[in-house]
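S.K.: Predicted model, plus sequence, below.
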Amino acid sequence: MKKFKFLIILLILILIVIAFKFSKLIGKSGLGKKIIEVTEVSHAKEIQEVLTQFDSLYNINIEQSGAIGGAVVITYKGQVAMIKCFGAKKAGENSLVDENTIFRLASVSKAVTGVLAGILANNKTINLDDKVVDYLPEFRLKFPENTNNITIRHLLSHTTGLVPHAFDMMVEDKVPLSKIMPRLNEVEIVTPPGLFYAYQNVMFSLFDPITAAKTKKSFQTILNEKIFEPYGMSNATSDFESFKNNENKAFPHIKTDKGFSTVPLNDRYYVTVPAAGINASITDMGQFLIAISGKDDELFSKEAREIVFAPQVESVLKRTYHKNWDKIDSKHYALGWRILQYKGKKIAQHSGYVQGYQAEIAICEEEEVGIVILSNSPNSYFSEGVPKFLNLFFEHKRKLEQEKITAAKTPDSKS
């Protein structure tokens, strides 16, 4: 028995020696080294000066405008650099706007639809140069030339040749798109398709029945599958019922002589979802900006980007439309986006307004930077937000570049 115990103890000692030797061998080879956790770089630090200055200006705008509530998000190099919410969802109540409060995007919906169109075109689900009548045989305009030659590209770039804002009053009256379509042959036509820019909501929204005809799915389903779900836009919806039933929603307000007053929720423009019917939170829009302004090809491929942001037509707009911007070298319209040449950079931008809500979006793909502003109390001050931010950002970049040039020209003091 004693001999047996002795053998057991001896065996344990041998195993301990072997384990000690083996651990030393692993240590020398590096196999046993502790894995160092990689800390993600915060790119916000690179533009902290810009963010601080913009935050100060944004606070001044909030105070001067008397706005009830809103939010802003800025993204940079694939990260959220700043997100800020302020005020109340409804005047006179203590329910505060937070990162998941939903707003109506109004015509910024067109920018989302443009991205969807680029994705569908890139994966060959649709061809932007297909004729509308091939998808919608009942489609008729006043002149056969326009009926037979208008393409999906013309719809999404506002180059259909129809007079601007055709049948918007019917949209205001909440007439369904299916009821408006049979009357399109009453609309005056100014030019053949593809020549001139004339802003539309009804014609733009024909992208809804076209995608449904092609995919056998509703436009809302396609939005969810291709944009909302893969981009992580968990609060985003595209119908009035979802907006109305969401407890965390911002209520609409309009300016009066006594300040902003709450107005009832309304379902105008939900009959034209691609043009103006999307709802989203500031968190959703941060995710959207990251997806489209970053370099993640899985979310938004280079080919799809080129499709979406390629200028299609020069957009002649009144100076007052961009009155808060410095000199703009050129203005075009792409697929759901305005394209501006501004301070030597290509800016993709859009604004949106529907009663009681305002939305602003802009990205500079080259700089991987984007901004979205949402509000439940529209006013001119928030229209200044995007150009003010871009001015600060580009000036910051210019200074950094100048510092590099100066440093390169300065002789090394140690030499």
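M.R.: Looks like it came in fine. A quick note: this is a predicted structure, and the numbers were derived from the prediction, not measured.

S.K.: For Ile83, which non-adjacent residue is spatially closest?
M.R.: The shortest distance from Ile83 to any non-neighbouring residue, by CB to CB, 6 or more residues apart in numbering, is to Val73 (4.7 Å). C-beta: built from backbone N, CA, C; applies to glycine.

S.K.: Not counting sequence-adjacent ones, nearest residue to Phe393?
M.R.: Phe393's closest residue in space is Val50 (CB to CB, 6+ apart), at 5.3 Å.

S.K.: scratch that, Glu365 is what I was asking about
M.R.: For Glu365, the spatially nearest residue (CB to CB, 6+ apart) is Ser293, at 5.8 Å.

S.K.: Enumerate every residue touching the one you found.
M.R.: By CB atoms under 8 Å, 6 or more residues apart in numbering, the residues touching Ser293 are Thr75, Ile363, Cys364, Glu365, Glu368, Val369, Gly370.

S.K.: got JSON lines for those, with secondary structure, distance to Tyr197 and pLDDT too?
M.R.: Below are the contacts of Ser293 laid out as JSON lines (DSSP: H, G, I helix; E, B strand; the rest coil; distance: CB to CB, whole Å; pLDDT from 0 to 100):
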{"residue": "Thr75", "secondary structure": "strand", "distance to Tyr197": "29", "pLDDT": "97"}
{"residue": "Ile363", "secondary structure": "strand", "distance to Tyr197": "21", "pLDDT": "98"}
{"residue": "Cys364", "secondary structure": "strand", "distance to Tyr197": "22", "pLDDT": "97"}
{"residue": "Glu365", "secondary structure": "helix", "distance to Tyr197": "22", "pLDDT": "94"}
{"residue": "Glu368", "secondary structure": "coil", "distance to Tyr197": "28", "pLDDT": "95"}
{"residue": "Val369", "secondary structure": "strand", "distance to Tyr197": "27", "pLDDT": "97"}
{"residue": "Gly370", "secondary structure": "strand", "distance to Tyr197": "24", "pLDDT": "98"}
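
S.K.: ok, and what's touching stretch 221-240?
M.R.: Contact partners of stretch 221-240, identified using CB under 8 Å, 6+ apart, comprise 100, 102, 109, 112, 115-116, 119-120, 211, 215, 217, 219-220, 243, 246, 248, 267, 270, 273, 277-281, 283-285, 287-288, 291, 299.

S.K.: Selecting buried members of those residues in PyMOL, what would you type?
M.R.: What follows is the PyMOL syntax selecting those of those that are buried according to 16 or more other CB atoms under 10 Å:
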select buried, resi 102+109+112+115+116+119+120+211+219+220+243+246+270+273+277+278+279+280+281+283+284+285+287+288+291+299
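
S.K.: I'd like to know which of the contacts of stretch 221-240 are part of strands.
M.R.: In this view, those that belong to strands under DSSP state E are Ile102, Asn279, Ala280, Ser281.

S.K.: Any idea what the last one is bridged to?
M.R.: Spelled out, it's Ser281. Legend: beta-bridge partners of Ser281 under DSSP bridges are Ile102.

S.K.: For Asn100, see how far away it is.
M.R.: 5 Å (CB to CB, to the nearest Å).

S.K.: again, but for Gln79
M.R.: Per CB to CB, Gln79 is found 19 Å from Asn100.

S.K.: so His332 touches Arg338, yeah?
M.R.: Yes - counting by CB atoms under 8 Å, His332 touches Arg338, with 7.4 Å between them.

S.K.: shared neighbours of those two, which are they?
M.R.: Common neighbours of His332 and Arg338, using CB under 8 Å, 6+ apart, are Ser315.

S.K.: So the two - more neighbours on which side?
M.R.: Neighbour count, other CB atoms under 10 Å: between His332 and Arg338, Arg338 has more, with 22 against 19.

S.K.: Spit out the contact partners of that one.
M.R.: Residues near Arg338 by CB under 8 Å, 6+ apart: Ser315, Lys331, His332, Ala348, Gln349, His350.

S.K.: Now it: phi and psi?
M.R.: Note on Arg338: backbone dihedrals following degrees, to the nearest 10 are phi -80, psi 140.

S.K.: would you list every one of the helices in the stretch 151-300 of the chain?
M.R.: 152-156, 168-172, 177-180, 207-215, 219-223, 229-231, 240-245, 273-276, 282-293 (DSSP state H, counting those that start in this stretch).

S.K.: Beyond the helix or strand of the chain with the lowest mean pLDDT, next helix or strand please.
M.R.: Lowest mean confidence among the helices and strands of the chain (mean pLDDT, DSSP states H and E): helix 2-29, at a mean of 52. With elements assigned by DSSP states H and E, the helix or strand that comes after helix 2-29 is helix 48-65.

S.K.: Look at the residue nearest to Ile83 and say how many residues are nearby.
M.R.: Val73 has 27 neighbours, counted by other CB under 10 Å.

S.K.: of all the ones in strands among the contacts of stretch 221-240, which comes closest to Ser377?
M.R.: Nearest to Ser377, judged by CB to CB, of those is Ile102 at 15.5 Å.

S.K.: Run a quick check on the closest one versus Ala280, I expect a contact.
M.R.: Yes - counting by CB under 8 Å, Ala280 is a contact partner of Ile102 at 6.2 Å.

S.K.: Can I get stretch 97-104 in CSV, CA atoms only?
M.R.: Output in CSV follows, covering the C-alpha atoms of stretch 97-104 (Å, rounded to 0.1, in the frame of the first residue of the first chain):
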residue,chain,number,x,y,z
VAL,A,97,-36.6,63.8,-27.0
ASP,A,98,-34.1,60.9,-26.8
GLU,A,99,-32.0,59.0,-29.3
ASN,A,100,-34.9,56.7,-30.2
THR,A,101,-37.6,59.3,-30.6
ILE,A,102,-39.0,59.1,-34.2
PHE,A,103,-39.5,62.0,-36.5
ARG,A,104,-40.9,62.3,-40.0
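
S.K.: in that stretch, what's buried?
M.R.: Buried, per 16+ other CB under 10 Å, within stretch 97-104: Val97, Glu99, Thr101, Ile102, Phe103, Arg104.
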